[in-house]
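Participant: next input, structure requested:
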Amino acid sequence: MKKLQILGMGCKKCHLLTEHAEAAAKQLGIEYEIEKVTDIDTITDMGVMATPALAIDGAVVLSGKTSSPEEIKTILQNLN
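Facilitator: Numbering: from 1, shown residues only. Next comes the predicted model:
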């Protein structure tokens, strides 16, 4: 099971990134759990300076943008 972490304060872009990450995982048939990380100290401790960001299994893979489901699918496929 993949742990998809959405890092951000809950803005519109954070919600969009959540939707895109879920769509990508579902399209690939990957079991996943979503965790929303809103604590600014935790976000900066992970090395993120621009939100929204996406971390997969604790590793930040996107920062400062909302990527399309297709882009996230490519990232997920490259991690397997």
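Participant: got the buried residues for stretch 29-46?
Facilitator: 30, 32, 37, 43, 46 (16 or more other Cβ atoms under 10 Å). (Each C-beta comes from the backbone N, C-alpha and C, glycine too.)
Participant: tell me which two of those sit farthest apart.
Facilitator: Farthest apart among those by Cβ to Cβ are 30 and 43. That separation is 23.9 Å.
Participant: ok so, going back, now render the buried residues of stretch 29-46 as a markdown table, adding distance to residue 2, secondary structure and pLDDT.
Facilitator: Formatted as a markdown table, the buried residues of stretch 29-46 follow (distance: Cβ to Cβ, whole Å; DSSP: H, G, I helix; E, B strand; the rest coil; pLDDT from 0 to 100):
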| residue | distance to residue 2 | secondary structure | pLDDT |
| --- | --- | --- | --- |
| 30 | 6 | coil | 95 |
| 32 | 5 | strand | 96 |
| 37 | 15 | strand | 97 |
| 43 | 20 | helix | 97 |
| 46 | 17 | coil | 97 |
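Participant: make CSV from those and add distance to residue 1 to it.
Facilitator: Shown next, in CSV, are the buried residues of stretch 29-46 (distance: Cβ to Cβ, whole Å):
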residue, distance to residue 1
30, 8
32, 6
37, 18
43, 23
46, 20
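Participant: by contact count, what packs against whichever helix or strand residue 16 is part of?
Facilitator: Per DSSP states H and E: residue 16 is located in helix 12-28. On a contact count with 3 or more Cβ pairs under 8 Å, 6 or more residues apart in numbering; DSSP states H and E, helix 12-28 meets strand 2-7, strand 32-37, helix 69-79.
Participant: okay, the angle between it and helix 69-79?
Facilitator: Per axes from the mean of the first three to the mean of the last three Cα atoms, to 10 degrees, the angle that helix 12-28 makes with helix 69-79 is 60 degrees.
Participant: what lies in contact with helix 12-28?
Facilitator: 2, 4, 6, 8, 32, 34, 36, 51-52, 54, 62, 66-70, 72-73, 76-77 (Cβ atoms under 8 Å, 6 or more residues apart in numbering).
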